[in-house]
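Visitor: turn this into a model:
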Amino acid sequence: MTNDYRNHPKAATSRRTPKEGLPRVDAAPGRVDTPAVMSADRPEMTSEYPFESRFLEIDGLRYHYLDEGSETSGPLLFVHGNPTWSFAWRNLIKEFAGERRSIAVDHIGCGYSEKPQNYGYRLADHVTNLVTLIEALDLRDITLVAHDWGGCIGMGAAGRLPDRFSRFVLMNTAAFRSTRIPFRIAACRWPVLGALGVRGLNLFARAATRMAVASRLPEAVKRGFLAPYDSWENRIAIHRFVQDIPLRPSHPSYKTLVEIEESLAQFQNHPMLLIWGMRDWCFTPTFLDEWIERFPQAAVRRLGDASHYVFEDAPREVAAGMREFLSGDCAGAMDAGGNE
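Guide: Model prediction:
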């Protein structure tokens, strides 16, 4: 993997120094300079996350995204889950910046995106926002790279814009109905106590930095994951994501999930790589089995020593699998177990 993204020749020409004060709109639609708020307060973010922030205004809200690398082939579109943000993709963006355009979003309420207190935060909202970005940037020949909630949101966008998506790389995620929910997540949905734990004590995001990995995260990386979620107000999306898990037909997002699930079949002939941390207690190997049943031609890379944050536990293996897959070597991207 590329060790120092900032020394990459592509990065040197594309990265701009953040300006102080209010954002300034560039000549290119949807691109603005951002105040150096978190990076100034937390110097470690400069080396871990040395990217230029861009924003697209959607319904009056600032939707943050990264747009790095070159347009030599179809873009990689990175879509995160909960309680992460585009920071989760930093190593893969650095890895591919010299050869592929890499776009990573922050859902509304997450990362550097705006965090309104009176927003819906439903699955359909996040899908619509992603569709809006894709159309605004006129992205085509997209390779979706998604994890956790990002798989459902990303496949939702693909279902609405199928002609714009070519390949899929999915990690520890689902885009279909399930009644499986670990108790530790279900507890975060309890009235009053759930809000106090998730928004008041930041238990969900803090626990994830320990329980979503098989190996210990460096302190700088922990701080990076937690940086945008430093107050009750800024943790609203984390809680709303937990509340928005649609387990039964009466849930407001259940219909949206069914629509996404039903749209999956149209992509059966598209190249797909499933990368799975096999020690994940949330998106267990049972979810991987369902993906394989739905997409029997998919390449599979099972990582036995990795957990839910597979990109943290096994960054080199993830990058290698993606590189082989993107080169067209699906056999190389597949583990020994393959599609057995």
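
Visitor: can you get me a residue count around the nearest residue to Ala174 once chain neighbours are set aside?
Guide: Counting by C-beta to C-beta, 6 or more residues apart in numbering, Phe287 is the residue found nearest to Ala174 once chain neighbours are left out, at 5.1 Å. C-beta here means a position set from N, CA and C on the backbone, and glycine is covered the same way. Counted by other C-beta atoms under 10 Å, the residues lying close to Phe287 total 22.

Visitor: how much space is there between the spatially most central residue of the chain and Ile236?
Guide: Centrality entry for the chain: nearest residue to the mean C-alpha point is His80, 1.3 Å, by C-alpha atoms, centre = their mean. Distance, His80 to Ile236, using C-beta to C-beta, to the nearest Å: 16 Å.

Visitor: give the buried residues for the longest helix anywhere in the chain.
Guide: The residue-count maximum for a helix in the chain (DSSP state H) belongs to helix 123-136. Buried residues in helix 123-136, counted by 16 or more other C-beta atoms under 10 Å: Leu123, Ala124, Asp125, His126, Val127, Thr128, Asn129, Leu130, Val131, Thr132, Leu133, Ile134.

Visitor: same thing with stretch 66-81?
Guide: Buried residues in stretch 66-81, defined by neighbour count with 16+ other C-beta under 10 Å: Leu66, Asp67, Glu68, Gly69, Gly74, Pro75, Leu76, Leu77, Phe78, Val79, His80, Gly81.

Visitor: can you check stretch 276-283 too?
Guide: The neighbour-count check on stretch 276-283 (16+ other C-beta under 10 Å) flags Trp276, Gly277, Met278, Arg279, Asp280, Cys282, Phe283 as buried.

Visitor: ditto for stretch 80-89
Guide: Buried residues in stretch 80-89, counting neighbours by 16+ other C-beta under 10 Å, are found at His80, Gly81, Asn82, Pro83, Thr84, Trp85, Ser86, Phe87, Ala88, Trp89.

Visitor: go ahead and confirm the first one touches Arg90.
Guide: Right, the one you point to is His80. No: the pair His80 / Arg90 is not scored as a contact, 11.0 Å apart, by C-beta atoms under 8 Å.
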